[in-house]
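>>> turn this into a structure:
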Amino acid sequence: MWLRILTLTLGAAAIGTEGFVLPGILPRIAHEFSVSVASSGQLVTLFGAVYALGSPLGTALLANMNRRTLLITTVTLFGAGAMLEAMAPNVMAVAIARTLLAVLAGLYIPTAAAVAATLVAPSQRGRALALISGASSLATVFGVPTGIWLASRFGWRTTFGFIATLCIASAIGITAALPPVPRLPPISLRERVRLLGQGVVLTSLAVTTLWMMAGFIIYTYISPIMRELSHTSDATLSGLILTWGVAGAVGSWLGGYGADRFGATRVIIPLLVILAVNFLCLPWTASTIVGAAVFMSVWGAAGWGFSPPQQHHLVRLAPAAAAVALSLNTSAIYLGISLGAGLGGVLLASSGIQWLGVAACLCDLVAVVLLLLTYPRAPAALETSGRPGQAE
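Predicted coordinates for the structure are as follows:
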């Protein structure tokens, strides 16, 4: 049973690797196509925007498609899209490939999570979902450093060949191991929109967007940032991202534990404050390799630690529509990625690296203010028309 879930996780890790490795190789892509790093960073903006809009629309439109077929098709096409990136003759071709990949990712990730939840007993569902959601951590620990190393040794195009290989392996595994999956009840667009009408839910989704926006103002341009501040090589940058991923895995567990022990909001607010201070101090902290490692460790632990309590908070706000709330939270994450990459590119081109940390800090502080303003008014639970326990 767990082998089946691991094949789904491998596909999610391949998708996560494509998303997180691009910032590490942006300078190489920009150099080959003779564009600025700030301009090439809009490839991240594009992916986030298409995912945020395409995931809810796509999952609603393809709700009647066989889940097993959908998973095999999307991960296979994602691998083909990665090969299109590898063969792209110009930056516009990369942008077109990334548009396709964003649509496919928005279909695969929520479907894989929903299917994983049906493969195990209810008492094991949390662990199954944790494997799918933890694929991003897996990508940052293994996939991204490997992708950056491949780019430094053999060129950035080999990185996308590596991602395509992971997708092919996942598709083969799903085909061989996954049994027919019963049709899952779809979540309509009307249900998603209805939940957005709840003020505290909408505010919480805005907090998610601001949190991810802050992170991707920095992460999208992590390569030029670290090259300028601490003069890192590709190998060192790979190690820093590995440090970020390992700290994130620990932080994610601690964040979930803290939410159960102390309450979600009491964990979220301190984490956002820690992130704000860490980002503000970026020019000084990351001026040495050791300082950069400390910066990445704090960011990884606090940043990834935010996600479990935030999901916990949203489920508490809308227990009868938890699947809808978490689906909207995923869209909010990718909206934040898009906005963060876009704003970071503008600041990098106009004001320089020193203002990226300030902008990220302000995003997290605004998120704290929103939480403080709405927390006293948030009821213990908001009843909505969703289906309890339904997995997206």
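
>>> convert stretch 276-292 to PDB, retaining C-alpha atoms only.
Taking C-alpha atoms only, stretch 276-292 is exported to PDB below (Å, rounded to 0.1, in the frame of the first residue of the first chain):
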ATOM      1  CA  ALA A 276      10.300  39.100   9.100                       C
ATOM      2  CA  VAL A 277      13.300  39.800  11.200                       C
ATOM      3  CA  ASN A 278      15.400  37.200   9.300                       C
ATOM      4  CA  PHE A 279      14.500  38.700   6.000                       C
ATOM      5  CA  LEU A 280      15.200  42.300   7.200                       C
ATOM      6  CA  CYS A 281      18.700  41.200   8.400                       C
ATOM      7  CA  LEU A 282      19.500  39.400   5.100                       C
ATOM      8  CA  PRO A 283      22.200  41.900   3.800                       C
ATOM      9  CA  TRP A 284      24.200  41.500   7.000                       C
ATOM     10  CA  THR A 285      23.500  37.900   8.000                       C
ATOM     11  CA  ALA A 286      24.300  36.500   4.500                       C
ATOM     12  CA  SER A 287      27.500  38.500   4.100                       C
ATOM     13  CA  THR A 288      29.500  35.300   4.900                       C
ATOM     14  CA  ILE A 289      29.000  31.600   4.000                       C
ATOM     15  CA  VAL A 290      28.400  30.700   7.700                       C
ATOM     16  CA  GLY A 291      25.900  33.600   8.000                       C
ATOM     17  CA  ALA A 292      24.200  32.500   4.800                       C
END
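
>>> what about it, average pLDDT?
Per-region confidence: stretch 276-292 scores 94 on mean pLDDT.

>>> same question for stretch 359-373.
So the average pLDDT for stretch 359-373 ends up being 93.

>>> for it, which residues meet the burial criterion?
Ala359, Ala360, Cys361, Leu362, Cys363, Asp364, Leu365, Val366, Ala367, Val368, Leu370, Leu371 (16 or more other CB atoms under 10 Å). To be clear about C-beta, it is placed using only N, CA and C from the backbone, and glycine gets the same treatment.

>>> may I have it exported as PDB, CA atoms only?
Provided in PDB are the C-alpha atoms of stretch 359-373 (Å, rounded to 0.1, in the frame of the first residue of the first chain):
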ATOM      1  CA  ALA A 359      10.000  43.900   1.000                       C
ATOM      2  CA  ALA A 360       9.800  40.300   2.300                       C
ATOM      3  CA  CYS A 361       9.900  41.600   5.800                       C
ATOM      4  CA  LEU A 362       7.000  44.000   5.200                       C
ATOM      5  CA  CYS A 363       4.900  41.100   3.600                       C
ATOM      6  CA  ASP A 364       5.200  39.000   6.800                       C
ATOM      7  CA  LEU A 365       4.500  42.000   9.000                       C
ATOM      8  CA  VAL A 366       1.300  42.800   7.100                       C
ATOM      9  CA  ALA A 367       0.300  39.100   7.500                       C
ATOM     10  CA  VAL A 368       0.800  39.400  11.300                       C
ATOM     11  CA  VAL A 369      -1.300  42.600  11.400                       C
ATOM     12  CA  LEU A 370      -4.100  40.800   9.500                       C
ATOM     13  CA  LEU A 371      -4.000  37.900  11.900                       C
ATOM     14  CA  LEU A 372      -4.100  40.200  15.000                       C
ATOM     15  CA  LEU A 373      -7.100  42.100  13.600                       C
END
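
>>> now the helix or strand hosting Ser223, how far from the chain's geometric center?
Take DSSP states H and E as the rule and Ser223 turns out to sit in helix 222-230. A distance of 22 Å separates the centroid of the chain from that of helix 222-230, by CA atoms, centre = their mean, to the nearest Å.

>>> that helix packs against which elements?
Packed against helix 222-230 by the contact rule (3 or more CB pairs under 8 Å, 6 or more residues apart in numbering; DSSP states H and E) you find helix 2-33, helix 234-262, helix 282-285, helix 289-317.
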